[in-house]
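1. sequence isn't available, so here's the structure alone:
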């Protein structure tokens, strides 16, 4: 049996602590966000994650943020915040000749503009300016549609079959609780604009 590196041991300790703390924090955040929101901490998988999602009114678009390590077994976390995609929505056929963008492009544009407007470059939740991409399958279809309809690729990050939107700059795992609380302050503003309606 080989000895694990100190770095791996540090990550193990961090993940163990987060697995203990995140369920209670998720309940606190859900109560603070109010009706229609669900906050779920997954502490059973290989790394802890948190998903915050609004159950939208009928006919409107769901908004979610999925907070994950930046890569497998990393000690830094980031969020992908945006709109929830229906299965196959990105790859669905869409007439090219009418010039109209699919509905998800408009939702991504509104939510991403709002995210950049409310997140200061030096604030606790900072939006990454790097471009998203995709070379195969739904990821390529996502990137192609974004280019075709003038949507900046930095607004089309994430998972085409789940959540697309902006990605935040990473934060240290020790700062995850405060990061999640700050994220909860901006998510309701994104939900307001997701379906193009004005909040009452």
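-> Perfect, I can see it now. Fair warning: this is a prediction, and the values are worked out from it, not measured in the lab. Numbers count the residues shown, from 1 in each chain.

2. so where do the helices sit in this protein?
-> 6-33, 103-118, 137-148, 176-194 (DSSP state H).

3. the shortest one - what's its average pLDDT?
-> The average pLDDT for helix 137-148 rounds to 93.

4. just the last one next, same as before
-> Per-region confidence: helix 176-194 scores 93 on mean pLDDT.

5. in it, what's buried?
-> Neighbour counts over helix 176-194 (16 or more other C-beta atoms under 10 Å) mark 176, 179-180, 182-184, 186-187, 190-194 as buried. Glycine gets a C-beta too; all of them are placed from N, C-alpha and C.

6. ditto for the second one
-> Residues of helix 103-118 classed as buried: 104, 105, 106, 107, 108, 109, 110, 111, 112, 114, 115, 116 (neighbour count, 16+ other C-beta under 10 Å).

7. center of the protein, which residue is that?
-> With distances taken as C-alpha atoms, centre = their mean, the residue of the chain nearest its centroid is residue 80 (2.1 Å).

8. just checking, that one touches residue 157?
-> Yes: counting by C-beta atoms under 8 Å, residue 80 touches residue 157, with 6.0 Å between them.

9. any common contacting residues for these two?
-> Shared contacts of residue 80 and residue 157, defined by C-beta atoms under 8 Å, 6 or more residues apart in numbering, comprise 164, 165, 166, 167.

10. out of those, who's nearest residue 64?
-> Taking C-beta to C-beta as the measure, residue 64 sits nearest to residue 165 out of these, at 8.5 Å.

11. could you tell me how many residues sit around the closest one?
-> Residues near residue 165, counting by other C-beta atoms under 10 Å, number 29.

12. any idea how far residue 181 is from the closest residue to it other than its chain neighbours?
-> Of all residues not flanking residue 165 in the chain, residue 82 sits nearest, at 1.5 Å (C-beta to C-beta, 6 or more residues apart in numbering). Here residue 82 is placed at a distance of 20 Å from residue 181 (C-beta to C-beta, to the nearest Å).
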